[in-house]
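Engineer: Return a 3D structure for these sequence lines:
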Amino acid sequence: MTPQRRIAIIAGLIIAGLAGWFVFERAAVNGDLVLYGNVDIRQVDLSFAVEGRVADVLVEEGAAVKQGDVLALLDAEPYRYAAAQAEANAAQAQANAAKAIAGSRNKEIENARAQLNEARARLSNAEAAFTRRKALAKEDTISKQALDDSERDVSVARATLASRDAQLSLAVEGLRSEDVTAAKAAADAAQAGLDQARYRLAQTEIKAPSDGTILTRIREPGTIVGPNAPIVTLALTTPVWVRTYVDGPNLGRVAPGTKVNVLTDAPGGKQYEGSVGFVSPTAEFTPKAVETPELRTDLVYRLRIVVANPDQSLRQGMPVTVTLKSGN
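Structural biologist: This next block holds a predicted model:
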């Protein structure tokens, strides 16, 4: 046997052994079902929902944080200004809508009626003056220009009277229903703009969505970032899962909710309680086409084991042994 062939055989055996370790292994010990898997911890890349300059990152890698802790800050000044402007616009629109709904006040109606009476008096005076000047014009005692001016005054007084009469009618009847509806819609739009401005202002803080540990500090203060650019990566304290696999003949023993024990593979390994949280409905690995009952036994199905009381001893990717007691 050549050295190259010997090396290839040894490499193949090593690869096969590793695959068996990380994928799954079933052993019968006093009727117990033993599976091998790896710890799977959920990770979250946290980012701002708005663009801007990173003002501060308040945590370091490895820091333990609680839900609601502020982890990073964006420069919020532009968003404060926008929120203040939106608040002023909303207040103005609300006032206009309230005015449209309430209609004219009694004092406004009285004022419009007084202006109408004044316009009537001015028209009466203008008509009387025009009549006098018209008689004088027949005697050639006034100029034609004076007569024309007097006639123009009558026309202006009549137009003013018509305008004042329309204003009084509007004050008494109030705005049309369409105008009131438009004022309400404008107020709603301004309020929506204010809500959006306040939301954007709130997005200048990153808060921890759950208890966990900071894995990576990706950005530093002063960096200009766009929306959804990762700032820190958080590993959640819970849930902690174990990813493992079971073969077809033992699939019926691992229904969701089945209690198991989880043992770490480190020397003096620690034991945890857990339960089956998920069983894949389909086979994860199919080395060859399944055509006979014998080959069907080679299929494996992915399991998710939920660890009941995880702690800092469980790390991402850590190999563990999962044992299902024969009595379950």
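Engineer: ranges for the helices of the stretch 101-250 of the chain?
Structural biologist: Counting by DSSP state H, counting those that start in this stretch, the stretch 101-250 of the chain has helices at residues 106-138, 144-173, 177-202.
Engineer: Please identify the buried residues of the last one?
Structural biologist: Buried residues in helix 177-202, counted by 16 or more other Cβ atoms under 10 Å: Val180, Ala183, Lys184, Ala186, Ala187, Ala190, Gln191, Gly193, Leu194, Ala197, Arg200, Leu201. (C-beta placed from N, C-alpha, C; glycine too.)
Engineer: follow-up on the earlier one: could you dump the helices of the stretch 101-250 of the chain to JSON lines with mean pLDDT and distance to Ala64?
Structural biologist: Converted to JSON lines, these look like this (pLDDT from 0 to 100; distance: least, Cβ to Cβ, whole Å):
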{"stretch": "helix 106-138", "mean pLDDT": "79", "distance to Ala64": "65"}
{"stretch": "helix 144-173", "mean pLDDT": "79", "distance to Ala64": "68"}
{"stretch": "helix 177-202", "mean pLDDT": "90", "distance to Ala64": "25"}
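Engineer: So for Tyr245, which of those helices sits nearest?
Structural biologist: helix 177-202 (43.5 Å; Cβ to Cβ).
Engineer: Show me what that closest one packs onto, helices and strands only.
Structural biologist: Counting contacts by 3 or more Cβ pairs under 8 Å, 6 or more residues apart in numbering; DSSP states H and E, helix 177-202 is packed against helix 77-102.
Engineer: coming back round to it: widest-spaced pair of the buried residues of helix 177-202?
Structural biologist: Val180 and Leu201 (32.0 Å).
Engineer: if we can go back for a sec, take the helices of the stretch 101-250 of the chain and lay them out in a markdown table including distance to Leu299.
Structural biologist: A markdown table is the format used below for the helices of the stretch 101-250 of the chain (distance: least, Cβ to Cβ, whole Å):
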| stretch | distance to Leu299 |
| --- | --- |
| helix 106-138 | 84 |
| helix 144-173 | 81 |
| helix 177-202 | 49 |
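Engineer: Of all the ones you listed, which one is nearest Arg243?
Structural biologist: helix 177-202 (36.2 Å).
Engineer: can you give me the angle the closest one makes with helix 77-102?
Structural biologist: 160 degrees (axes from the mean of the first three to the mean of the last three Cα atoms, to 10 degrees).
Engineer: how far is helix 177-202 from where the chain is centred?
Structural biologist: Averaged C-alpha coordinates place helix 177-202 at 19 Å from its chain's average position (Cα atoms, centre = their mean, to the nearest Å).
Engineer: just checking, Ala146 touches Lys134?
Structural biologist: No. Using Cβ atoms under 8 Å, Ala146 is not in contact with Lys134; the gap is 10.5 Å.
Engineer: Between the helices of the stretch 101-250 of the chain, which one is closest to Gly257.
Structural biologist: helix 177-202 (39.5 Å).
Engineer: For Ala97, grab the count of nearby residues.
Structural biologist: By other Cβ atoms under 10 Å, 20 other residues sit near Ala97.
Engineer: centroid residue for this protein?
Structural biologist: Nearest to the mean C-alpha position of the chain, by Cα atoms, centre = their mean, lies Ala49 at 7.8 Å.
Engineer: So for it, what's the nearest residue that isn't a sequence neighbour?
Structural biologist: Gln203 (4.2 Å; Cβ to Cβ, 6 or more residues apart in numbering).
Engineer: do Arg133 as well
Structural biologist: Ser150 (4.6 Å).
Engineer: With Arg304 instead?
Structural biologist: Phe278 (3.8 Å).
Engineer: My guess is that neighbour contacts Thr258. True?
Structural biologist: No. Contact criterion Cβ under 8 Å: Phe278 and Thr258 do not qualify, at 11.4 Å.
Engineer: between the two, which one's more packed in?
Structural biologist: More crowded of Phe278 and Thr258, by other Cβ under 10 Å: Thr258, with 18 against 13.
Engineer: so what pLDDT did the residue lying closest to the more buried one once chain neighbours are set aside get?
Structural biologist: Spatial nearest neighbour of Thr258, excluding adjacent residues (Cβ to Cβ, 6+ apart): Val276 at 4.3 Å. On pLDDT, Val276 comes in at 92.
Engineer: what do you get for Ala83?
Structural biologist: For Ala83, the model assigns a pLDDT of 96.
Engineer: 220 is where my numbering starts, stick with that
Structural biologist: New numbering, starting at 220: the last item is Ala302.
Engineer: residues in contact with it?
Structural biologist: Counting by Cβ atoms under 8 Å, 6 or more residues apart in numbering, Ala302 touches Leu413, Ala416, Arg417, Arg419, Leu420.
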